[in-house]
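# heads up, no residue letters with this:
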């Protein structure tokens with residue numbers, strides 16, 4: 001009887017300690033980039049089209065706008081697809097009726113964790129979309145929300161490009 005009471009009390013104490021455990025997250029100091037907070041070099045070019053100064057028409061097209069059937073490249077930017085961590089936006093280039101380039105121009109990088117996840121996921125998604133030539137690509141494990149936003153914006157861009 002004494003052992004049962006001791007086991008129940010030890011279990012209760014262990015459960016309370018487990019439930020009260022708080023994890024600590026890294027936070028970037030104000031005014032520093034997520035890359036600086038991770039101790040890595042700057043990510044390079046900005047990840048938003050607006051901050052790069054790229055002009056975009058209301059239709060979402062940029063660059064050359066000749067028909068894809070003539071062999072000239074046509075660049076189209078998909079709608080910014082909302083996710084719970086921030087919008088994801090994809091730009092595609094179509095040449096001769098086929099996908100020739102894919103790039104994510106906007107995605108979440110607000111926190112060090114966003115930067116870490118997306119610095120791994122975005123290149124994978126870009127390569128997979130280019131290889132598939134469509135929006136039928138796999139989700140990147142660990143970046144489910146980004147992958148969903150990427151696929152949504154990619155499909156929107158492909159629809160605008162006529163693919």
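Cool, got the structure. Note that the coordinates shown come from a computational prediction; the quantities given were computed from them, not determined experimentally.
# and the next element down the chain from the longest strand seen in the chain?
Secondary structure of the chain per DSSP state E: the longest strand is strand 98-106. Moving toward the C-terminus from strand 98-106, the next helix or strand (DSSP states H and E) is helix 112-132.
# tell me the buried residues in that following helix?
By neighbour count on 16 or more other C-beta atoms under 10 Å, the buried set for helix 112-132 is 112, 114-119, 121-122, 124-126, 128-130. Backbone N, C-alpha and C define where each C-beta goes, glycine included.
# for those residues, which one is nearest residue 96?
residue 130 (14.7 Å; C-beta to C-beta).
# what is the longest strand of the chain packed up against?
When contacts are defined as 3 or more C-beta pairs under 8 Å, 6 or more residues apart in numbering; DSSP states H and E, strand 98-106 sits against helix 49-52, strand 89-95, helix 112-132, helix 144-161.
# which one of these lies closest to residue 79?
helix 144-161 (4.6 Å).
# and the closest one, what does it pack onto?
strand 74-77, strand 89-95, strand 98-106, helix 112-132.
# mind telling me which of the helices and strands packed on strand 98-106 the model trusts least?
With a mean of 38, helix 49-52 has the lowest mean pLDDT of these.
# find the nearest non-adjacent residue to residue 108, please.
residue 86 (3.6 Å; C-beta to C-beta, 6 or more residues apart in numbering).
# quick check: that neighbour touching residue 107?
Yes: assessed by C-beta atoms under 8 Å, residue 86 is found in contact with residue 107 at 7.1 Å.
# of the two, who's got more company?
residue 107 (29 against 18; other C-beta atoms under 10 Å).
# the more buried one against residue 81, yeah?
No: between residue 107 and residue 81 there is no contact under C-beta under 8 Å: 9.8 Å.
# show me the contacts for the residue nearest to residue 108.
107-108, 110, 114 (C-beta atoms under 8 Å, 6 or more residues apart in numbering).
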